[in-house]
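Asker: I'd like to go over a predicted model; first the sequence, then the structure.
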Amino acid sequence: MTEDSDAKVTQLREIFGFFEQNGVMDISNLPTAVRAMDLNPSEKQLKAWNEELKQSNDGLIDFTQFRTFMMSILDDSGD
């Protein structure tokens, strides 16, 4: 990992920790978590991500799932 990606993972861990309960985060917190990474997706995009995560994760995600999801968003945004 590069220093930049290490810093992103650290930031993601801090954001996840803010919402985490018993090792998981409810995906209803996703909009706030995404915005905490200085991203501003449309409501349509947030709903699509929410549905995607609901279908595969029963509405709860652990840190590994959160990190993977967020890193893909950050990669797509060019960050």
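Answerer: It's in. Residues are numbered from 1 along each chain as shown.
Asker: Show the subsequent helix or strand relative to the lowest-mean-pLDDT helix or strand in the chain.
Answerer: The weakest-scoring helix or strand in the chain, judged by mean pLDDT, DSSP states H and E, is helix 43-57 (a mean of 83). Heading C-terminal from helix 43-57, the first helix or strand you meet, by DSSP states H and E, is strand 60-62.
Asker: and the residue positioned nearest the centre of the chain, how far is that from Leu30?
Answerer: For the chain, the residue nearest the mean C-alpha position is Met70 (4.0 Å; CA atoms, centre = their mean). Distance, Met70 to Leu30, using CB to CB, to the nearest Å: 9 Å. Every C-beta, even on glycine, is put in place using the N, C-alpha and C of the backbone.
Asker: Repeat that for Trp49.
Answerer: Counting by CB to CB - Trp49 and Leu30 are separated by 6 Å.
Asker: When the two are compared, which one has more neighbours?
Answerer: Leu30 (21 against 17; other CB atoms under 10 Å).
Asker: Secondary structure element for that one, which one?
Answerer: Per DSSP H and E: helix 30-36 holds Leu30.
Asker: Check which helices and strands the longest helix seen in the chain sits against.
Answerer: With secondary structure taken from DSSP state H, the chain has its longest helix at helix 3-19. Packing partners of helix 3-19 (3 or more CB pairs under 8 Å, 6 or more residues apart in numbering; DSSP states H and E): strand 24-26, helix 30-36, helix 63-77.
Asker: now the angle from it to helix 63-77?
Answerer: Relative orientation of helix 3-19 versus helix 63-77 (axes from the mean of the first three to the mean of the last three CA atoms, to 10 degrees): 130 degrees.
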